[in-house]
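*Asks:* model this:
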Amino acid sequence: MRIDVFTLTPHAYAWLTEQRPIAGILGGELELRLFNYRDTSPLSARQVDDEPYGGGAGMVLRVDVVAAALDAVYGGAPEHPVIALTPQGRQLTQPVVEELAREPALTLLSSRFEGFDERIVEHLSSDAISIGPYVLSNGDLPAMVLLDAVARRLPGALAEGSGELESFSEELGGGLEYPHYTRPAEFRGWKVPDVLLSGDHAKIEAWRRERVR
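*Replies:* Residues are numbered from 1 along each chain as shown. Purely as a prediction, here's the structure:
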């Protein structure tokens, strides 16, 4: 799978590429490309944003800047999904992650401050996604969340079997995963449930199933 991210801060993704699951599949199951809007900006001094028409605080990412960036890389509108990260987009859920993980390629558009000129969302992107009903100062954090969520669903990203029984999985009916415990068996009087120490795998499985939320 190839994921292209268009951003003003490509360097911000460096730490993410050093962490699993992305580090484990980068260059194999995942090709990640980072593009800076400024590198292809048609404006002087590599300008990328401007004041909003009608007044108001903040700066808005210009439509001609994003169009130039996409044209430089794809020579036109790509056939794969182009996703704008914006609070106005559809909510990111595990089913959406599974949907996107089946695509051969994705393009993620990130913005900063007041966000996108609306024509970017309407005409240059084919999808819009939000990671939650709150405001952030940039779209790179949502892009990283989406990138990580999709990457961990690619072959080889996780140990075999570890992605099947987890929160929001089909195996758990889309619910939250059961509680986990590890050593020590007792700490400050807080005890691990006896059933988990019993060695009875049938009882353990039943206990876990009862606690899927």
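
*Asks:* can you give me the helices in the chain?
*Replies:* 14-17, 22-25, 63-74, 94-101, 118-119, 140-151, 201-210 (DSSP state H).

*Asks:* quick one, strands of the protein?
*Replies:* Ranges of strands in the chain, per DSSP state E, are 2-7, 31-36, 49-50, 60-61, 82-91, 105-109, 127-130, 186-187, 190-191.

*Asks:* who wins for proximity to Ala206 among those strands?
*Replies:* Each of the strands of the chain was checked against Ala206 via Cβ to Cβ, and the shortest separation belongs to strand 190-191, namely 19.4 Å. All C-beta atoms are positioned from the backbone trio N, CA, C, and that covers glycine.

*Asks:* adjacent strands (with direction) for the closest one?
*Replies:* Strand 190-191 sits in its sheet next to strand 186-187 (antiparallel), going by DSSP bridges.

*Asks:* let me have the strands of the chain in CSV, extended by mean pLDDT and mean neighbour count.
*Replies:* Rendered in CSV, the data for these read as follows (pLDDT from 0 to 100; neighbours: other Cβ atoms under 10 Å):
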stretch, mean pLDDT, mean neighbour count
strand 2-7, 98, 22
strand 31-36, 98, 16
strand 49-50, 96, 18
strand 60-61, 96, 22
strand 82-91, 96, 19
strand 105-109, 98, 23
strand 127-130, 98, 20
strand 186-187, 97, 9
strand 190-191, 98, 10
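
*Asks:* can you lay out those strands as CSV showing distance to Val212?
*Replies:* Compiled in CSV, the strands of the chain are given as follows (distance: least, Cβ to Cβ, whole Å):
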stretch, distance to Val212
strand 2-7, 31
strand 31-36, 34
strand 49-50, 46
strand 60-61, 42
strand 82-91, 22
strand 105-109, 30
strand 127-130, 27
strand 186-187, 25
strand 190-191, 22
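
*Asks:* the most centrally placed residue in the chain: what's it in contact with?
*Replies:* Central residue of the chain (Cα atoms, centre = their mean): Leu146, 0.7 Å from the mean position. Under the criterion of Cβ atoms under 8 Å, 6 or more residues apart in numbering, the contact list for Leu146 reads 83, 85, 92, 97, 100, 108, 129, 131.
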